[in-house]
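> here is a sequence with its predicted model. Questions after.
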Amino acid sequence: MAEPLSEQELDEALQQLDGWKTEEDKLKKQFKFDDFRQAVTFIMRLSFEAEEAMHHPEIFNVYNSVDIALTTHDAGSKVTEKDVNLAQKLDTLYNSLT
């Protein structure tokens, strides 16, 4: 079972993550793309990262934007290192597409 990050650990993680914030015990970020096709490509590619990590984000898409929320359910729906690791992978993926 994953352990929730402490407030200090979460603050330190946020300093390393570009544009991520915490809200409602979740790491959240909105990714913007040139068009719908690029946004859906991001969703398809992130599905492989998420499946490999066995950690599945909340995903919301409208046209060229993709909102992601990360939380770890087996840690009481709190942010864990698992969320931070996936956030880093999603940032890398985003940078490779834009």
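Thanks, I have the structure now. Numbering: from 1, shown residues only.

> how about the helices in the protein?
All helices of the chain, identified by DSSP state H, fall at 7-16, 36-53, 81-97.

> what packs against the second one?
For helix 36-53, the elements it packs on are strand 58-62, strand 65-70, helix 81-97, judged by 3 or more CB pairs under 8 Å, 6 or more residues apart in numbering; DSSP states H and E. In short, each C-beta sits where N, CA and C put it, glycine included.

> tell me which of those sits most buried.
Of all those, strand 65-70 has the most neighbours on average by mean count of other CB atoms under 10 Å, namely a mean of 19.

> now what about that strand, what contacts it?
26-33, 39, 42-43, 46, 55, 57-61, 79, 83, 86-87, 90 (CB atoms under 8 Å, 6 or more residues apart in numbering).

> swap in 6 Å and give it another go.
26-32, 39, 42, 57-58, 60, 83, 86 (CB atoms under 6 Å, 6 or more residues apart in numbering).

> what's the mean pLDDT across it?
Strand 65-70 shows a mean pLDDT of 98 in the predicted model.

> make 6 the starting number, not 1.
New numbering, starting at 6: the last item is strand 70-75.

> what angle separates it from helix 41-58?
20 degrees (axes from the mean of the first three to the mean of the last three CA atoms, to 10 degrees).

> please state the offset of strand 70-75 from the chain centre?
In this view, strand 70-75 has its centroid 7 Å away from the chain centroid, taken as CA atoms, centre = their mean, to the nearest Å.

> what's the distance between the nearest residue to Asp23 once chain neighbours are set aside and Trp25?
What sits nearest to Asp23 in space, not counting adjacent residues and going by CB to CB, 6 or more residues apart in numbering, is Asp96, at 5.8 Å. Separation of Asp96 from Trp25 (CB to CB, to the nearest Å) stands at 8 Å.

> again, but for Gln43
20 Å.

> same check on Glu57?
20 Å.

> between these two, point out the one with more neighbours.
Trp25 (20 against 10; other CB atoms under 10 Å).

> for the residue nearest the centre of the chain, what are its contacts?
Geometric centre of the chain, nearest residue: Ala92, 3.9 Å, by CA atoms, centre = their mean. Residues in contact with Ala92 (CB under 6 Å, 6+ apart) are 22, 25, 32.
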